[in-house]
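S.K.: predicted model, plus sequence, below.
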Amino acid sequence: MIGFGLAIGILAILGVRMAAIPDSSFELDGNATKEVNDDWVSPTYVGSSIAQAFVVDGSGNKTIFTGGGSKDISDVSAWAWKDNLGGLPDKDNITNAYARAYFDNNQLKIMFGADRFANDGDAQMGFWFFQSKVQAINGKFVGSDGTTAATHQVGDILVLANLTNGGAVVTIQVFKWVGGKDPLLLLADDLDARCGTNTDPNACAISNDAVTIAPWSYVPKTVDPQNPGTFPQFSFIEGGINVSALLGGQTECFSSFLAETRSSQSPTATLKDFALGGFETCKLDISKTCPTATFNAATGKIDYGYSIKVENKGFGTAYDITVVDTASGGYTKTFAKFNLAGGLSTTLSDVFSLTPGPTTPNPPTNNASLTAATTPGGPQSLSAGPATATCPQLSYSGALTVTKACDTRLEVQNSRVVVAVDIKGQVCAANDTSGGQIAESIDDIVVTDTPAITPITIGSLQPGACANYSATYFPGALIGNSGLPHDQTYEDTVSVAGTLHITNKKVVNTATATCPLCK
């Protein structure tokens, strides 16, 4: 096993520079490949970062600033852009831009980088980190709704990294947007900002002083046939800032990232090319389950139990988190607001109830969404969801049973002796809950009899309930069993039918009785 000191020595011999931002989990060494700590590696590699962005801008004249108001000292609402209309110098043409955020030792650190189409001149690069969502749509910069003009928020961060003398000299400035007459507040100004020799430990940048591997699709203006798939010298730039240290221990949440090129090093310079993408450093995640469904006999409703998990996957505290849960049947619950520190999670639980019926969803769905603020009492700029859970599907049981007894007698009607048959019995609704089934009540229960009686309306029965019925009829013929007089009987069948209350299915049953005339 190689000792730590020996390993550092070997890396020094190999020319590997270690990251110049203290306690960083990222290599700022002038290349995109991984030696020891995290590096760019590939467009999809995230390492231990809490936020990532990789924006492909291409080698054409894509997304170019236009108009005199497109300057760093102007609000985003004054910026404008055009697409594929030419006029962009090759050295100012961004081909790819990227950013990563890390939460190291309770500090937010952001790494940034870009590669250029050509290296035939100094590079004046800028990197904006916006707290609100910024989009480029139809020549304008707009907010999250896609139509309203985007604006700066106090606390947006701008990093100006300037490479002169072909890239050998690196200077860096970090600004905070404060608005007003002088909208940019200088936080760091390092004339010797090359990572590894940087004066300010909280900000640095570096370019590749030699041909290095390009781990993603990249075609420069001049391709070296001996080194395809590489960054020519000074075509790749990367850097990093310790946001927490620069802001005096404060933290900011960022939603968007923009890399830019400029006509000169000054913040008043006209902006050239840009690459814009999402970059959520404060992120909340919401997930949910709906694992239980219980029939409540006291209320006649089904109680569905659910849980919502809220996770703060960002670095800073999320404030005034508002969770709203909705379910089938019009159920809505808004939970009390709460705060959640970075890296922590919490679980909310509750029950919603549905009255079972033919139109009640089985299974129902349950959804949860949240919004939150990045500052106490601030705008609800964070959101997550909806998270959807499908609750358990329930099975139902329902059946009718019927019994019948009869008695015969003689009766005088209109000076004639006739046979009267008295019938009676009981109708019951089954109460089968085996296997977790829910027994249904039964509606519209009617008893009929063959040969014939006037239908008897029972109405509705709850599971396990019974109702008696009785009637009399006068048969018109005997049914002979053995042909002997004393064996003469009357035989008839009673039928019962009803409709299951929840599933709306028809259920039927029958019972037959034989009534002897002679006893």
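M.R.: Cool, the structure landed.

S.K.: quick one, strands of the stretch 401-519 of the chain?
M.R.: 405-413, 416-429, 438-439, 442-450, 456-461, 466-473, 489-500, 506-516 (DSSP state E, counting those that start in this stretch).

S.K.: between the ones you listed, which gets nearest to K272?
M.R.: Distance to K272, taken as C-beta to C-beta, is lowest for strand 438-439 among those, at 68.5 Å. Using the backbone N, CA and C atoms, a C-beta is placed for each residue, glycine as well.

S.K.: and the closest one, how far out from the chain's middle?
M.R.: The chain centre lies 35 Å from the centre of strand 438-439; the measure is C-alpha atoms, centre = their mean, to the nearest Å.

S.K.: neighbouring strands for that strand, and are they parallel or not?
M.R.: strand 396-397 (parallel) (DSSP bridges).

S.K.: settle this for me: N198 is touching D190, isn't it.
M.R.: Yes - if you go by C-beta atoms under 8 Å, N198 and D190 touch, sitting 6.0 Å apart.

S.K.: burial count for L461?
M.R.: Close neighbours of L461, defined as other C-beta atoms under 10 Å, add up to 20.

S.K.: and the residue nearest to it when sequence neighbours are not counted, what's its pLDDT?
M.R.: The shortest distance from L461 to any non-neighbouring residue, by C-beta to C-beta, 6 or more residues apart in numbering, is to A429 (3.9 Å). A429 carries a pLDDT value of 95.

S.K.: do the same with T197
M.R.: 89.

S.K.: quick one: end-to-end length of stretch 36-46, please.
M.R.: By C-alpha to C-alpha, to the nearest Å, the extent of stretch 36-46 from end to end equals 15 Å.

S.K.: check the offset of that stretch from the chain's centre.
M.R.: On C-alpha atoms, centre = their mean, the centre of stretch 36-46 falls 25 Å from the chain's centre.

S.K.: tell me which residues of that stretch are tucked away?
M.R.: Of all the residues in stretch 36-46, those buried under the rule 16 or more other C-beta atoms under 10 Å are D38, D39, W40, Y45.

S.K.: out of N198 and D190, which sits in the busier spot?
M.R.: Counted by other C-beta under 10 Å, N198 and D190 do not tie: N198 has more neighbours, with 23 against 19.

S.K.: let me know the average pLDDT across stretch 98-105.
M.R.: Stretch 98-105 comes out at a mean pLDDT of 90.

S.K.: what's it in contact with?
M.R.: Under the criterion C-beta atoms under 8 Å, 6 or more residues apart in numbering, residues 23-26, 38, 40, 43, 46-55, 108-114, 127, 129, 254, 257, 279, 281, 314-315, 342-343 lie in contact with stretch 98-105.

S.K.: which parts of stretch 61-68 are buried?
M.R.: Here stretch 61-68 shows K62, T63, I64, F65, T66 as buried, counting by 16+ other C-beta under 10 Å.

S.K.: okay, these in a markdown table with pLDDT next?
M.R.: Below are these laid out as a markdown table (pLDDT from 0 to 100):
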| residue | pLDDT |
| --- | --- |
| K62 | 78 |
| T63 | 84 |
| I64 | 91 |
| F65 | 92 |
| T66 | 90 |
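
S.K.: which one of these is nearest to I442?
M.R.: T63 (68.0 Å).

S.K.: separation between the closest one and K82?
M.R.: The gap separating T63 from K82 is 8 Å, by C-beta to C-beta, to the nearest Å.

S.K.: just give me how far stretch 448-461 sits from the chain centre.
M.R.: 56 Å.

S.K.: let me know the average pLDDT across that stretch.
M.R.: pLDDT averaged over stretch 448-461 gives 86.

S.K.: can you list the weak-confidence ranges in this structure?
M.R.: For the chain, the stretches flagged by pLDDT under 70 are 1-20, 22-23, 166, 451-452, 476-490, 517-519.

S.K.: can you pull out the helices in it?
M.R.: 4-13, 243-246 (DSSP state H).

S.K.: which elements pack onto the shortest one?
M.R.: Secondary structure elements in contact with helix 243-246, counted by 3 or more C-beta pairs under 8 Å, 6 or more residues apart in numbering; DSSP states H and E, are strand 107-116.

S.K.: now for the strand it packs on, which elements pack on it?
M.R.: strand 94-104, strand 123-130, strand 236-242, helix 243-246, strand 256-262.
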